[in-house]
Structure formats: structure tokens, C-alpha cells
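Asker: dropping a prediction and its sequence here:
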Amino acid sequence: MTSRHLVDPELHPLLAAWPTVRLTDATLAELRARDLPLPPAPDSGVDVTERRIAGPDGAPDIGLRIYRPRDATGSTGCIYHIHGGGYVGGSARELEFVHRPLAGTLGCVIVSVDYRLAPETVFPGAIEDCYAGLRWTVAHADELGIDPARLGVMGESAGGGLAAALALMARDRDEIGLAFQHLTYPMIDDRTCIRPPHPFAGEFIWTPHNNRFGWSALLGHEPGMEAVSPYAAAARADDLSGLPPAFIMTGALDLFVDEDIEYARRLIAAGVPTELHVHSGGFHGFDALPGPAVANRAQAARIDALARALSGAIA
């Protein structure tokens, strides 16, 4: 069954520019090496620095990219960002064209982490890297000029899955308080591989085949088995109470739409302030580039939610 007739017409050029790649062990290197049609990063009055910090015990150092507006005075809010890539690809550097203007617009610091990728590193490597980077960020709040009380996590796709898992881990370890979790089409449930969403979901960009590849790479075994940790797949958590306010955005044609809606429903039922946006005609990554009205609306909603969260208002 095809969903192309349901795709927002303004998004058709993005499908042509960003063809779906079928992930296999043989094509993974191609995915990591391909050049996506990303715009140049504007200066936006934002400085960028790179740091290497100690990773988890016995693990390699972690790379962080830190964005701070030049005209920032005093302590600002902070977004701790985790990039996407199906747990097998992506990098913090690729999103500089997003992070520079976002930090400038919001007047905040953004710290973006490079975590170890699967299948070279299986769970819990990536989430422990993210936690180590978050701990460092909080410990160096004065140096970074950030207010730890206005620090939250953000991510897209696999990065959204890691951000959701990181919110769970921070709650359970009770070392770090997060002000918000901002999740864009988060990849949070390995069981989608065995319990597919509605029949029009997942035809473009991130397909059921690629989803199984990504989850298998992260977990080190087939997805959908018993006893998968919620720090790998946040939707596996039995208890969602006590988590920071959540913003969840996805597309109606995204493979993750059902798992994202269900996670939002469960957060609401657990007493977590939650805002959910489902964009008609949107597939996975539909908001990556500005121009189409649906992408512009999604980005405007994202910036509005982040501004409220960074100000201390409920998401």
C-alpha cells in the first residue's frame, strides 16, 4: 500500500532530494558517508567550541559541540541535544545549520553530544555516553554560563529515543534534575518491528526494514524480545511518573507515529505535562529543511515550546 497520495504536496521535492537507503551491513558505510542536501550554517551571532571529555568508566572520551550566543549575559537556559541516525549513523556536527540559529533565536546554550554508534557499540554504550555528557554539562554549568534549573534534553529520531531514555535514567539515578524533554519523532519502541503501526506509516526515509536493522544493531539481538531495558527503548518503561514535561512531535506518515502517540498518552496518564503534535502529510524527517508550510509550522511549534520550557514555563 502506498502513502504517496497522503504526503503533503510541498514535501515531494524533499523525497526526491533525500531518497530512502535500504540499510544492510554492506550499505551502512554508504549511509554514514553520504552527503545530505543540508544548507550552510549561518553565523547567527553564535560561537561554537568543541570539547573532549571523559566517557563512562572504561570507555573512550566523548565529543561535545557547545553553542553559545556571543551577546549572552549571565546564566542562560541549556538544551542538551542528541542527534539522530537510527542508532547507527549521524553526528553532532551535521546539525550545526540547525543549532547555530536555534541558539541565537532562543538565547540559550546548546550542548550536542557525539555518542558511540551501533553496531560497533551495543546497548548501553550510547545512553551511557549521553549520560556522561549530561553529567559533565551540569558539573560545568558555571563555566558554560548556564542555569542548571533550566536545562532539558532534546533529540530527533534515535536522538529522541535517547533523550527519552536519558530522562528516565536521570530520574532513576536521582543525580540530575531536567526541566523538559523535547522529542521529535522519537524512536522509542523496538516492538514496532513486530507490531507495525497503521498501514500508511513508514514508506519513506525510515522504513520497517531499516527500523529492524537499527534496533538489532543497538540491542545486539532481534528486537521485540522480552526484558529489553527502558534505557534502550523508553516505551518499555512501566512507570513514567516523575518525568520532566514533554513535547512530542511526529508526522502522520512517520513509522513512529503510533509509538509516539502512545507514549504521549501514557505520559499524560502518569501526570506528566505533555504536548503532542501530529502533522498531517509528514513523513520521517519532513521538517528537516524550511520552505514547505508544514515544515515551517512544525519548526515554529518547536521553537515556541522550547522558548517556554527554557523560560521555566511548563512545556
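Answerer: Okay, I see it. Numbers count the residues shown, from 1 in each chain.

Asker: in three-state terms, label Ala126 for me.
Answerer: Taking DSSP: H, G, I helix; E, B strand; the rest coil as the rule, one finds Ala126 in the helix state.

Asker: quick one: it and Gly90, what's the gap?
Answerer: According to CB to CB, to the nearest Å, Ala126 stands 11 Å off from Gly90. Heads up, the C-betas are built off the backbone N, CA and C, glycines and all.

Asker: who's more crowded, these two?
Answerer: Taking neighbours as other CB atoms under 10 Å, Ala126 and Gly90 compare with Ala126 leading, 25 against 22.

Asker: what separation do you get for the more buried one and Leu166?
Answerer: Distance, Ala126 to Leu166, by CB to CB: 10 Å.

Asker: check Val98 too.
Answerer: 19 Å.

Asker: contacting residues around the closest residue in space to Phe123 that isn't next to it in sequence?
Answerer: Leaving aside its chain neighbours, Phe123 sits nearest to Ala232 (4.5 Å; criterion: CB to CB, 6 or more residues apart in numbering). Residues counted as contacts of Ala232 (CB atoms under 8 Å, 6 or more residues apart in numbering) are 123-124, 127, 165, 190, 218-219.

Asker: where does this protein dip in pLDDT?
Answerer: Scanning the chain with the threshold set as pLDDT under 70 gives 1, 36-37, 313-315.

Asker: all strands for it, in order.
Answerer: Using DSSP state E, the strands of the chain run over 46-53, 62-69, 76-82, 109-114, 146-156, 181-184, 246-251, 274-279.

Asker: need these in JSON lines (columns: distance to Thr207 and mean neighbour count).
Answerer: What follows is these, written out as JSON lines (distance: least, CB to CB, whole Å; neighbours: other CB atoms under 10 Å):
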{"stretch": "strand 46-53", "distance to Thr207": "34", "mean neighbour count": "15"}
{"stretch": "strand 62-69", "distance to Thr207": "29", "mean neighbour count": "21"}
{"stretch": "strand 76-82", "distance to Thr207": "22", "mean neighbour count": "25"}
{"stretch": "strand 109-114", "distance to Thr207": "26", "mean neighbour count": "25"}
{"stretch": "strand 146-156", "distance to Thr207": "17", "mean neighbour count": "23"}
{"stretch": "strand 181-184", "distance to Thr207": "19", "mean neighbour count": "28"}
{"stretch": "strand 246-251", "distance to Thr207": "14", "mean neighbour count": "27"}
{"stretch": "strand 274-279", "distance to Thr207": "19", "mean neighbour count": "19"}
